[in-house]
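A.B. asks: Predicted model and sequence below, questions to follow.
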Amino acid sequence: MGVPVAFAIGLSCIATFFVEGLPFETAIQMMVSGMNVFSFLAIPFFIFSGELMLHGGIADKILDFARSMVGHLRGGLGLANVVASTLFGGVSGSPVADTSAMGGVMIPVMKREGYSADYAVNVTTHASLTGALMPTSHNMIIYAFAAQAAVGVIDGHTIKGVSIGDLMFAGLIPVFWIMVCMLIAAYWQARVKGFPKRADGSSMLEVFPGWGTVLRTFIAALPGLGVIAVILGCVMGGVTTATEAAAIAVTYSLLLTSFVYRTMSWSKIKLSLGKAAKTTGVILLLIGVSNMLRWQMANLEIPEAIESALLTATQTPWLMLLYINIIQVFLGIFLDMAAHILITTPLFLPLAIQMGVGPVQFGMMLLLNCALGLVHPPVGTVQFVGCAIGEISIDQATKTAWPYYLAIFTAINLVTYVPMFSTWLPTLISGHVVL
C-alpha cells in the first residue's frame, strides 16, 4: 500500500494494544524508552560524519587512488570502482551514501568509456554493501542495542549483550573477503564481455600511470581513510566510548574537509546537517516503533513460538543456521535494514546462542543478510539509487547481478559456518574470547 515501514509497524502495534485492551500509555512509554538510549547519540554523529565526507570531496581522492592502482587492467574502471566503494564505505558507514558518492562519479564515466550501464551499476551497488560492516556503520549501533538482552553460555563462556568495539573489528575480514570476491566477479565479467570497448568493438584500456602517481594519490586519500583508524583506536584503546568516538569522527571530518582538503563550504555543511537530521529522524522513529513491536512480541510470546517451531523442524546446528539464513534473506527482500535488525534480532539471536553462535558472529550474519536485501527489489534501496544514476531499470540490473550475489552468499556462509572468520580478529585485538 506504500505505507512507510515505521508507520506500518506503529499502526499494527496500536491496533494490537486496542484489541488486547491494553493502555495506550504503555505503547508511548515503550516508544520513548526505545529512543531514549545514550549510545544512540552515535547514530547522528556517524551519519553526519559520513555526510561531511560525502560532500567534502573525500570520495574523489579515494577514487583517484583506486584508479591509479587498477585502472589500467581489463575492466580497470570496474576494479577501481570496487576498491574505491569499499574504502569509502569505511568512511561513510552507509551503503546508500557510498552508492550516491561513487555512483554519481563512476557510473556516468564508466558508461562513457565503454562499459555497459548494468555492469557499472552492479559493480557500484554491490561493492558499496561493505559500508554496512565497517566501523563507521550506524547499523552496528542499532544491532548492539537490539542484542543487549542476549544471555547464554557457549563453551563455558558467559554471553551478556555484545560489545560495539568487538563488532567493529569483526566486520573487517568479511569486508576484505567481499572486496576480493567482487574484484574477481568484476574482472571475469569484463573479460567475458570485453570491457572497456568503443562503439566499434575495439578495446580502450588505460595506461598504468606509474608508481609515483599511485603513491601521490594514496597520500592524498590517506587523511580521509584515517577516520577509520581514529574510531577503532579510540574505542579499542579504551580512550572513548563508541558514542564519543563518533563525535570525534565528526570533528575530524569537519577539520579535514575544511582546512586540509579545503573543499567544505557553509552550503555543504548545511546540506550535510539537513540530510543527517532527516536520516536520524527516520531511524529513531523506526527504533521507537520497533521497541513497541518487541514489547508486543514478548507479551504474546512470539519468539518462543518461533523457537519452538524451528526446534521442532530440526535440532541440528548447521541445518538450523541454514534455516535462519534462508528466513533472513527472505525478510531482507521486504524490510529496510534498520527495521530488519530491530525486528529479527530478538527473534533469532536466542536460538542462535543455543546453537553455539555468539552475538558477534550472529551480528555479522545478520548484517550481511540485511545488506543483501539492499540490492534486491522490491525494497532494494541501494539498487534503486544505482539504477536511477545509471538510467536503467531494476530488471536490467538484476539480470546480470548473480556473480555479485554469489560473492555476498559466500561471505554469509563463511561467517555462519566458520566462526573464526568473524571472531578471530576481535579476539586477537581485545585479548579475550569473542563469540
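C.D. replies: On my side now, so go ahead. Numbers count the residues shown, from 1 in each chain.
A.B. asks: average pLDDT across the helix or strand containing residue 88?
C.D. replies: Using DSSP states H and E, residue 88 maps to helix 76-92. Over the span of helix 76-92, the pLDDT mean works out to 83.
A.B. asks: how far does that helix sit from the chain's center?
C.D. replies: Put simply, helix 76-92 sits 14 Å off its chain's centre (C-alpha atoms, centre = their mean, to the nearest Å).
A.B. asks: Equivalent analysis for stretch 26-44, please.
C.D. replies: Worked out by C-alpha atoms, centre = their mean, stretch 26-44 lies 22 Å from the chain centre.
A.B. asks: can you pull the alpha-carbon coordinates of that stretch into CSV?
C.D. replies: This file holds the C-alpha atoms of stretch 26-44, laid out as CSV (Å, rounded to 0.1, in the frame of the first residue of the first chain):
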residue,chain,number,x,y,z
THR,A,26,2.2,1.8,27.6
ALA,A,27,2.7,2.0,23.9
ILE,A,28,4.0,5.6,24.1
GLN,A,29,6.3,4.6,27.0
MET,A,30,7.8,1.8,25.0
MET,A,31,8.3,4.0,22.0
VAL,A,32,10.0,6.8,24.0
SER,A,33,12.2,4.4,26.1
GLY,A,34,13.3,2.7,22.9
MET,A,35,14.7,6.0,21.6
ASN,A,36,16.0,7.3,24.9
VAL,A,37,19.3,5.4,24.9
PHE,A,38,22.6,7.3,25.4
SER,A,39,24.5,5.1,22.9
PHE,A,40,22.1,6.1,20.2
LEU,A,41,23.8,9.5,20.1
ALA,A,42,26.4,7.7,18.0
ILE,A,43,23.9,7.3,15.2
PRO,A,44,23.5,11.0,14.2
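A.B. asks: any residues touching the particular helix or strand that has residue 139 in it, and which ones?
C.D. replies: Under the criterion of DSSP H and E, residue 139 resides in helix 138-146. By C-beta atoms under 8 Å, 6 or more residues apart in numbering, the list of residues contacting helix 138-146 from outside reads 37, 39-40, 42-43, 46-47, 93-94, 132-133, 161-164, 167-168, 171, 242, 283, 287, 337-338, 341-342, 345-346, 363, 366-367, 370. All C-beta atoms are positioned from the backbone trio N, CA, C, and that covers glycine.
A.B. asks: what do you get for stretch 352-362?
C.D. replies: 147, 150-152, 154-155, 157, 159, 161-163, 166-167, 170, 317, 320-321, 324, 348-349, 365, 415-416, 419, 422-423, 426, 434-435.
A.B. asks: What residues sit buried inside that stretch?
C.D. replies: Using 16 or more other C-beta atoms under 10 Å as the test for burial, stretch 352-362 gives 352-355, 357-362.
A.B. asks: In helices, which of the residues you listed appear?
C.D. replies: When the buried residues of stretch 352-362 are checked against helices (DSSP state H), the matches are 352-354, 359-362.
A.B. asks: could those go into JSON lines alongside pLDDT?
C.D. replies: Listed next are those as JSON lines, based on pLDDT from 0 to 100:
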{"residue": "352", "pLDDT": "90"}
{"residue": "353", "pLDDT": "90"}
{"residue": "354", "pLDDT": "88"}
{"residue": "359", "pLDDT": "92"}
{"residue": "360", "pLDDT": "92"}
{"residue": "361", "pLDDT": "93"}
{"residue": "362", "pLDDT": "93"}
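A.B. asks: Farthest pair within the residues you listed?
C.D. replies: 354 and 360 (16.2 Å; C-beta to C-beta).
A.B. asks: What segments of the chain are strands?
C.D. replies: For the chain, the strands defined by DSSP state E occupy 151-154, 157-160.
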